[in-house]
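Participant: Give me the fold of what follows.
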Amino acid sequence: MIHPTPRNRTDEIESTPTKTLYDLLEIGWRRKVYLIGAVAVAMALGVAYLSRIEPKYRVQARVLVRRQAPLLDQARAPKAEEEFLATQAEIIRSPAVVRGAVESLPAQPRDPDAADPVTEALDALNVMPVPGTDVLSISFVGSDPQRATKTVEAVIAAYREYLHQLDHDGHLESLRLLTQSEKELRQDLEVLQEEYRQLRKSTSLIGEGRDAADVQKSLLRHLGERLTECRANRMEMENRMRVMRDGRGTSVVGSPSDPPWVHASLSRSPGGTDAPQSSPDTRAIRLELFKAQSAAEALATQYGPKHPAMRAAEQQVAAWRQRLVQSEAEAAAVLEQELAAARMHERQLADLYRREFEEVKLVDAHLIEEQQVLDRIDRIRTVHDSILTQVAQWQLADQALSGGRSAVRVSTLEAPDVAERLVFPPPSLMLAVCLAMGLVAGVGLIALVERTDARVQSAEQLQERSNRPVLGRIPRLKTPRGSGPRSVYRGRMVRQMPESPAAEAFRALRTRLDIFSDTGIGQVIQVASPRDGEGKTTVTANLAFSFAQLGKKVLVIDTDLREGTLHRVFAVRNDEGLTCRLQDGKPWEASIQRSPLAAVDVLARGREVINPAELLAQERFAELLASARVKYDLVLLDSSALLRVTEPSVSASKADGVLLSAMIGRSSLSEARQACELLDSLNARTLGIVVNQATGPGRSSARSAPADATSGAGTPGNATPGKVVSPVGSQGNGTGR
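Facilitator: Predicted structure coming up:
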């Protein structure tokens, strides 16, 4: 990259404050006509006003306003006591009191075009509480001292009458409302009592409902226990029946010629244990059968199968075997009958349990409804008794008010009298104020004219005053209704409206910037503006979309660590970004997000920090940019306003070039010049200026073409081919790194 060339100019060492003061004096002298005219008009208006006003007289009186012992036993908050006098002062100045006072005064001739007498009296009347006392100071300003005195007396009398009437009306209204509420509550109480009586009649419970419900629940619990016991008995009998059926096929022994192990298992169940389900008779028959088989086996061994004793033994075994079969059949029949009876009993208990359960549910629902009615009766009875007590209190208070006792006592401490003669405003003060207002108006008018004239009106004017080439002219961007945030919509013009003049202007700017880019290493370009709202974020986003359409690898970094909004334009997250990586030192690639809108990588701003300038000044940020140059063809930095904060100055010194964004009708020529001077002082390369909101098409003139831009910086041979050449003029030798 080309390193900055030191400046040889010595005229930049001049004092900035002196230069600023000189400029202000020059502007004031050049626009002195506006200043003299504004002062003359203000003084003339002041003299005309003083010639038309007439002297006024101030009549003042003091009254003591105290709250008497409360007619009702009501607690009052301390804040209400503090605001009591302020409330009374507002009552005295209310139209209701003043109208009564004005109507009680004698009528006098008045101009038909004059304001309403009540309005005039309200404007002239002033009531102020005396701090630390219960005294109100009443003053009235009028041109007739006698009528002003009578007006103050009438206001005090009308105030007393108003308080008395207000108390009386309030008591009557309170009594009416309380009586009506008591009547409604009494009716509600009667309705609820009748509802409770009907509930008691409709219930099937006798006595106290809670006791009857407990009896019902106890019966249900007893039935549940019986049902569980019956079910257990039935299951036990079913198990016995199942074991008996499984053992009947093997309970009859074989012939005497069977092996010995067969005869040893005659008295055992199929599971290998003694059958506990057999009756005593069955077990005795099995035992006899086993003995007969053992004897037959011994005879067969001793005499042989044809011996008469052996035949007799076989007949005895057959007889016992027949008796065993009959005994088991009878036991099974008896067990089946018992099992059927147990099942029937279980069904009956289950049906009875279900009926009792439904009955208990009905009882509980009835008890809940009954308790709700009783609770409502208690609440309404309590409120009813309270209202009856209040009715009695308000009746006593109304009787006391009829006897002349009021809640507020008003005593006159100082009778109305003329306090002073006024001419307002005083002539000296009036002329001084007019002179000051004239000077302020003149300076404001001059500033307004200068501010209007100092706005950028054309790209040629900006190029001439800033001595920087205009690389691009972006036409006015119109945001349709319902398109969302304006900044987001404008930042996506190249993507959303590729055929629009604005998109074509951004592509032209891309072409001019691409002329100076190096294909061997990525370039870091910072987009900045003198002040906020001059389109730097819009230029950054649309340039990124334009370069991405060429298939280049583009990285956009949001270095506006205070109010950056690039994450909204590219629809990425902002929970982690540049600030997080600069603080924790982790690899910055982990925070890179690919925009879902285009092939653009975005490094968002990240969480807010309190030291953005210190973060950008770290070596980590420079290392980040160096690494990004290797991995990307183009790195765009969206920064804050140059003249508002320090961060863009820090990042500009680390970038390969700075693209300045300005806006027609909004940017100031002086601020644009200050921004260029600031970049020059930082030895930052200013590539050129992008003019937003241009009225013409998005094409720059021959004066802002790249060829002219490079020629303005000096001899092209001084620059390295393929690098970003500084397209600044001879007056702004701002070569970069």
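
Participant: now for the helix or strand in which R323 is found, which elements pack on it?
Facilitator: Taking DSSP states H and E as the criterion, R323 maps to helix 308-402. Other elements packing on helix 308-402 under the criterion 3 or more Cβ pairs under 8 Å, 6 or more residues apart in numbering; DSSP states H and E are helix 145-202, helix 209-248, helix 280-302. In this view, the C-beta of every residue, glycine as well, is placed from N, C-alpha and C.

Participant: mind checking which of those helices is nearest E369?
Facilitator: E369 lies closest to helix 145-202 among these, at 6.5 Å (Cβ to Cβ).

Participant: Okay, now the unreliable bits of the stretch 51-200 of the chain?
Facilitator: Residue ranges of the stretch 51-200 of the chain with pLDDT under 70: 68-82, 111-114.

Participant: what's the nearest residue to A604 if we skip its chain neighbours?
Facilitator: Distances taken as Cβ to Cβ, 6 or more residues apart in numbering place G577 nearest to A604, at 3.6 Å, with adjacent residues excluded.

Participant: what sits against the one you found?
Facilitator: G577 makes contacts with 558, 567, 591, 603-607, as judged by Cβ atoms under 8 Å, 6 or more residues apart in numbering.

Participant: Among the residues you listed, which ones are in strands?
Facilitator: Within those, residues falling in strands by DSSP state E are 558, 603.

Participant: out of the contacts of G577, which are buried?
Facilitator: Among those, those classed as buried by 16 or more other Cβ atoms under 10 Å are 558, 567, 591, 603-606.

Participant: Which secondary structure state does T87 sit in?
Facilitator: Under DSSP: H, G, I helix; E, B strand; the rest coil, T87 falls in the helix class.

Participant: Specify the beta-bridge partners of V600.
Facilitator: Following DSSP bridges, V600 is listed with bridge partners V554.

Participant: Okay, it and N542: tell me how far apart.
Facilitator: Using Cβ to Cβ, to the nearest Å, one obtains 11 Å as the distance from V600 to N542.

Participant: picking up where we left off before, would you tell me what the next helix or strand after the helix holding R323 is?
Facilitator: Next helix or strand after helix 308-402 toward the C-terminus (DSSP H and E): strand 408-422.

Participant: Go through that following strand and flag the buried ones.
Facilitator: Neighbour-count burial for strand 408-422 [16+ other Cβ under 10 Å]: 408, 410, 416.

Participant: Make TSV out of these and add distance to Q523 and pLDDT.
Facilitator: Shown next, in TSV, are the buried residues of strand 408-422 (distance: Cβ to Cβ, whole Å; pLDDT from 0 to 100):
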residue	distance to Q523	pLDDT
V408	83	81
V410	85	85
P416	86	89
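
Participant: got those residues as CSV, with distance to D246 columns?
Facilitator: Below are the buried residues of strand 408-422 laid out as CSV (distance: Cβ to Cβ, whole Å):
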residue, distance to D246
V408, 104
V410, 110
P416, 122
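
Participant: Nearest to F621 among the contacts of G577?
Facilitator: In terms of Cβ to Cβ, no member of the contacts of G577 lies closer to F621 than L603, at 11.1 Å.

Participant: That closest one touches L555, doesn't it?
Facilitator: Yes - using Cβ atoms under 8 Å, L603 makes contact with L555 at a distance of 6.7 Å.

Participant: just to revisit the earlier point, give me the distance between the residue nearest to A604 and L555.
Facilitator: Look at G577 and L555: by Cβ to Cβ, they are 13 Å apart.

Participant: and what of E534?
Facilitator: Going from E534 to L555 by Cβ to Cβ gives 23 Å.

Participant: For the two, work out which one has more neighbours and name it.
Facilitator: When E534 is set against L555 and neighbours are counted by other Cβ atoms under 10 Å, the residue ahead is E534, at 27 against 22.

Participant: I figured the more buried one hits L660, correct?
Facilitator: No - applying Cβ under 8 Å as the test, E534 and L660 come out as separate, 9.1 Å apart.

Participant: helix, strand or coil for T133?
Facilitator: Secondary structure of T133, per three-state DSSP, is coil.

Participant: and it, how many neighbours?
Facilitator: Residues lying near T133 (other Cβ under 10 Å) number 13.

Participant: Enumerate every residue touching E336.
Facilitator: With contact taken as Cβ under 8 Å, 6+ apart, E336 is in contact with M241.

Participant: got a pLDDT number for it?
Facilitator: Note for E336: predicted pLDDT of 84.

Participant: For L659, see how far away it is.
Facilitator: Separation of E336 from L659 (Cβ to Cβ) stands at 103 Å.

Participant: Next: K306.
Facilitator: For K306, the distance to L659 equals 130 Å [Cβ to Cβ].

Participant: Which one of those two is surrounded by more residues?
Facilitator: Using other Cβ under 10 Å as the criterion, K306 and L659 rank with L659 on top: 25 against 7.

Participant: beta partners of that one?
Facilitator: V527, G688.

Participant: That one touches Q526, doesn't it?
Facilitator: Yes - if you go by Cβ under 8 Å, L659 and Q526 touch, sitting 7.0 Å apart.

Participant: quick revisit: which one of the contacts of G577 is nearest to A61?
Facilitator: Ranked by distance to A61 (Cβ to Cβ), those are led by R607 at 64.9 Å.

Participant: Find the nearest non-adjacent residue to the closest one, please.
Facilitator: Take R607 and drop its neighbours on the chain: the residue closest to it by Cβ to Cβ, 6+ apart is T579, 5.6 Å away.

Participant: where does the residue nearest to A604 fall, phi/psi-wise?
Facilitator: Dihedral pair for G577: phi -170, psi -140, per degrees, to the nearest 10.

Participant: quick one: pLDDT of it?
Facilitator: 86.

Participant: Next one: it from V155, what distance?
Facilitator: According to Cβ to Cβ, G577 and V155 sit 68 Å apart.

Participant: and if you look at W320?
Facilitator: 134 Å.

Participant: Between those two, which is the more surrounded one?
Facilitator: Taking neighbours as other Cβ under 10 Å, W320 and V155 compare with V155 leading, 25 against 19.

Participant: ok, now which ones touch that one?
Facilitator: 92, 97-98, 101, 125, 138, 140.

Participant: Distance check, L166 against A407.
Facilitator: For L166, the distance to A407 - Cβ to Cβ - is 9 Å.

Participant: ok, those two, which is more surrounded?
Facilitator: A407 (19 against 15).

Participant: Show the model's pLDDT score for the more buried one.
Facilitator: On the pLDDT scale, A407 is placed at 72.

Participant: isn't it right up against R67?
Facilitator: Yes - at 6.6 Å, A407 counts as touching R67 under the criterion of Cβ under 8 Å.

Participant: How many residues are close by N233?
Facilitator: If you count neighbours by other Cβ under 10 Å, N233 ends up with 14.

Participant: quick one, phi psi at V443?
Facilitator: When quoted as degrees, to the nearest 10, the phi and psi of V443 stand at phi -60, psi -40.

Participant: For the nearest residue to it once chain neighbours are set aside, pull up the helix or strand it's in.
Facilitator: Of all residues not flanking V443 in the chain, L35 sits nearest, at 6.9 Å (Cβ to Cβ, 6+ apart). Taking DSSP H and E as the definition, L35 sits inside helix 32-52.

Participant: which is the next helix or strand following that helix?
Facilitator: Following helix 32-52 in sequence, per DSSP H and E, is strand 56-67.

Participant: What lies in contact with that next one?
Facilitator: Defining contact as Cβ under 8 Å, 6+ apart, one finds that strand 56-67 is touched by 84-85, 88, 130, 134-145, 148-149, 151-153, 156, 407-424.

Participant: Nice, that's everything, thank you.
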